[in-house]
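>>> Fold the following, please.
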Amino acid sequence: MQSENIAAISTGNVPSGVAVIRISGDSPLSIAEKCFKPSGKTAVKDFTPYRLYPGEIQAEGFCDHGLCVYFKSPKSFTGEDVVEFQCHGGLAITHGILKKILSLGARLATKGEFTKRAFINGKLSLASAEGLIEMINGESVSGVRAGYSLYREKLTRRAEEMQNALTAALAEIDADMDFPEEDLESLSTENVRAGLNGVTKELASLINGYSAGRTLVKGVKVAIVGKPNVGKSSLLNALLNYDKAIVSSVAGTTRDAVEGRIDINDVPFFFTDTAGIRETSGEIEKIGVEMSKKILESADVILFVTAAGERGEEDEKIYSLVKNKNCITAVNKIDTVREKHTGADVFVSATAKTGIDELKNALYGKAVGKVDLGSEFVCEERHYAALKKAKEKLDLALSGLGKTPLELVAMDIKDGWDALGEITGKTASEEIINEIFSKFCVGK
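Got it, this is the predicted structure:
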């Protein structure tokens with residue numbers, strides 16, 4: 001199928017040492033012939049695919065010396081013929097070359113259009129495209145890893161394997177309905193049940209890993225709470241390894257939330273040192289306390305801090321607010337008392353920086369658990385919703401086996417198959433597809 005030539009700067013609209021300008025469509029070489037003069041004897045139309053050729057790139061009003069490479073369909077990113085120019089990355093240079101290419105008949109690509117063409121041409125799945133978005137936008141190692149897992153089609157392959165199992169179950173039902181006189185229903189029912197049980201078990205595993213998978217991409221929000229003057233600010237500074245919060249012996253010094261970030265085992269943790277929660281008459285401090293309570297509601301993990309040897313009624317009131325949440329209890333200032341420390345998850349001294357590594361490990365374990373970064377895990381809300389929908393439909397099918405007509409069971413199985421297809425893109429709506437590719441920049 002022929003498609004018009006599209007072009008864009010693939011390396012972004014920022015100055016750089018080197019930039020890439022991409023053309024994709026049915027005849028990008030014909031455009032390259034008119035704006036690239038090879039240094040060697042090989043004419044542009046005779047370029048060997050995937051080989052870099054040096055030469056002069058003509059732009060609007062000037063030339064640049066760079067490289068040209070031709071990717072022949074279907075062995076290209078988009079699945080179409082592709083030409084890429086590598087040039088110097090000044091904005092005047094890249095814009096001038098792009099302007100020349102557009103004047104020769106190419107159209108400026110829209111957001112994500114190169115990747116959308118790759119999807120349409122079967123070069124990647126919809127989930128893979130979403131993984132590419134996560135990689136490009138990733139601000140942490142764990143986020144990039146999660147994106148790469150999607151990009152390399154790990155979840156797609158798993159979804160397709162489950163679809164194959166459902167197709168086999170549907171074939172069993174079809175055979176039974178086509179040959180009712182052979183009394184195959186009992187055998188078919190057991191075979192279908194076994195197949196559906198295997199798929200629902202796999203779905204449950206993926207669904208249960210969503211929370212941790214999402215954490216790997218978005219990071220962990222940690223609220224540090226406790227009564228005033230238990231050393232929350234000092235503990236935040238010790239975790240960050242620099243002074244972020246004001247440290248004072250005056251209770252209630254932290255009236256506003258103080259934030260900071262560290263990466264623990266490549267996962268970003270965003271800490272908020274809240275104002276000390278207590279009954280207060282000061283209007284400004286009261287606002288800070290109310291803010292603290294709101295932060296508690298949005299936190300993934302609560303770090304409840306007390307001072308060694310000082311846990312009392314006020315601490316217990318605060319603990320009652322957080323004990324049923326995803327909470328870690330930490331006793332601070334252990335260097336100030338001699339008695340044996342008990343009754344907490346972690347024991348630390350922010351000033352002496354004792355127990356900080358143990359605290360980091362506890363936070364990671366509480367937030368992420370034992371997620372295998374090398375396995376397939378769910379980190380996109382869209383995929384999570386599709387998996388839940390698939391499981392709901394298959395649970396209905398299982399409950400109906402032997403009780404309702406096989407035609408109705410088959411309908412539920414088909415609905416489950418379609419839900420899994422939303423992950424790969426086979427059954428996704430045009431609206432969803434367009435929304436996903438609109439998240440890309442021009443040139444991707």
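>>> from here on, contacts and neighbour counts on C-alpha atoms
Fine.
>>> who touches the one helix or strand N164 maps to?
Using DSSP states H and E, N164 sits in helix 154-178. Helix 154-178 is touched from outside by 125, 127-128, 149-150, 183-185, 188-189, 191-192, 195-196, 199, 376-378, 406, 410, 413-414, 417, 420-421, 423-424, with contacts defined as Cα atoms under 8 Å, 6 or more residues apart in numbering.
>>> now A129, nearest residue through space, not along the chain?
Residue nearest to A129 in three dimensions, not counting chain neighbours: Y151, with 6.4 Å by Cα to Cα, 6 or more residues apart in numbering.
>>> Just the residues contacting the helix or strand containing R145, thanks.
Using DSSP H and E, R145 falls within helix 141-151. Helix 141-151 has contacts (Cα under 8 Å, 6+ apart) with 127-136, 138, 155-156, 213, 216-218, 266-268, 373-377, 379.
>>> So which of these belong to helices?
The helices, defined by DSSP state H, take in 127-136, 155-156, 213, 216-218 from the contacts of helix 141-151.
>>> Of those residues, which pair is most distant in space?
Maximum pairwise distance in the ones in helices among the contacts of helix 141-151, criterion Cα to Cα, is 21.3 Å, between T156 and K218.
>>> Give me the more crowded residue out of the two.
Neighbour count, other Cα atoms under 10 Å: between T156 and K218, T156 has more, with 24 against 18.
>>> just to revisit the earlier point, and the contacts of helix 154-178, which of them are buried?
When the contacts of helix 154-178 are checked for burial by 16 or more other Cα atoms under 10 Å, the buried set is 125, 127-128, 149-150, 185, 188-189, 191-192, 195-196, 199, 376-378, 406, 410, 413-414, 417, 420-421, 423-424.
>>> Give the residue spans of the stretch 151-300 of the chain that score low on pLDDT.
For the stretch 151-300 of the chain, applying pLDDT under 70 flags the ranges 177-187, 243-258, 275-293.
>>> how about the helices in it?
According to DSSP state H, counting those that start in this stretch, the stretch 151-300 of the chain carries its helices in the segments 154-178, 185-208, 210-218, 232-240, 283-298.
>>> okay, the ones you listed in CSV with distance to S39 next?
As requested, those are exported to CSV (distance: least, Cα to Cα, whole Å):
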stretch, distance to S39
helix 154-178, 43
helix 185-208, 54
helix 210-218, 46
helix 232-240, 54
helix 283-298, 60
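>>> Which one of those helices lies nearest to K391?
When the helices of the stretch 151-300 of the chain are compared (using Cα to Cα), the closest one is helix 185-208, at 5.9 Å.
>>> Tell me what angle that closest one forms with helix 210-218.
Counting by axes from the mean of the first three to the mean of the last three Cα atoms, to 10 degrees, helix 185-208 lies at 40 degrees to helix 210-218.
>>> Would you mind pulling up the elements that helix 185-208 packs against?
helix 154-178, helix 381-400 (3 or more Cα pairs under 8 Å, 6 or more residues apart in numbering; DSSP states H and E).
>>> CA atoms only for that helix, dumped as CSV, please.
C-alpha atoms of helix 185-208 as CSV (Å, rounded to 0.1, in the frame of the first residue of the first chain):
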residue,chain,number,x,y,z
GLU,A,185,-20.0,-32.2,25.8
SER,A,186,-18.6,-33.7,28.9
LEU,A,187,-15.1,-34.0,27.5
SER,A,188,-15.3,-30.5,25.9
THR,A,189,-16.4,-29.0,29.2
GLU,A,190,-13.4,-30.4,31.1
ASN,A,191,-11.0,-29.3,28.4
VAL,A,192,-12.4,-25.8,28.2
ARG,A,193,-12.4,-25.6,32.0
ALA,A,194,-8.7,-26.5,32.2
GLY,A,195,-7.8,-24.0,29.5
LEU,A,196,-9.8,-21.2,31.1
ASN,A,197,-8.3,-22.0,34.6
GLY,A,198,-4.8,-21.6,33.2
VAL,A,199,-5.6,-18.3,31.6
THR,A,200,-7.4,-16.8,34.6
LYS,A,201,-4.5,-17.8,36.8
GLU,A,202,-2.1,-16.0,34.6
LEU,A,203,-4.4,-13.0,34.4
ALA,A,204,-4.6,-12.9,38.2
SER,A,205,-0.8,-12.9,38.4
LEU,A,206,-0.5,-9.9,36.1
ILE,A,207,-3.3,-8.0,37.8
ASN,A,208,-1.8,-8.5,41.2
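>>> wait, which of the helices and strands packed on helix 185-208 is closest to P28?
Closest to P28 of the helices and strands packed on helix 185-208, according to Cα to Cα: helix 154-178, at 31.1 Å.
>>> In that closest one, which of the residues would be classed as buried?
By neighbour count with 16+ other Cα under 10 Å, helix 154-178 contains the buried residues 154-156, 159-160, 162-163, 165-170, 172-173, 176-177.
>>> same deal with stretch 133-153?
For stretch 133-153, by 16+ other Cα under 10 Å, it's 133-136, 138, 140-153.
>>> same thing with stretch 21-32?
I21, R22, I23, S24, G25, D26, S27, P28, L29, I31, A32.
>>> Counting neighbours, what do you get for F114?
Count around F114 with other Cα under 10 Å applied: 27.
>>> That one is in contact with K444, isn't it?
Yes: counting by Cα atoms under 8 Å, F114 touches K444, with 5.7 Å between them.
>>> Give me the domain ranges for the chain.
With domains defined by automatic domain parsing, the chain comprises 6-109, 128-209+377-437, 217-367.
>>> and the shortest one, what's its mean pLDDT?
What it means is domain 6-109. Averaging pLDDT along domain 6-109 yields 97.
>>> now it, how far from the centre of its chain.
Distance of domain 6-109 from the chain centroid (Cα atoms, centre = their mean, to the nearest Å) equals 31 Å.
>>> Stretch 221-237 too?
Centroid separation between stretch 221-237 and its chain, computed with Cα atoms, centre = their mean, is 29 Å.
>>> all strands of this protein, in order?
Using DSSP state E, the strands found in the chain span residues 6-9, 16-25, 36-38, 52-58, 63-71, 81-89, 107-108, 220-225, 258-264, 267-273, 301-307, 327-332, 346-347.
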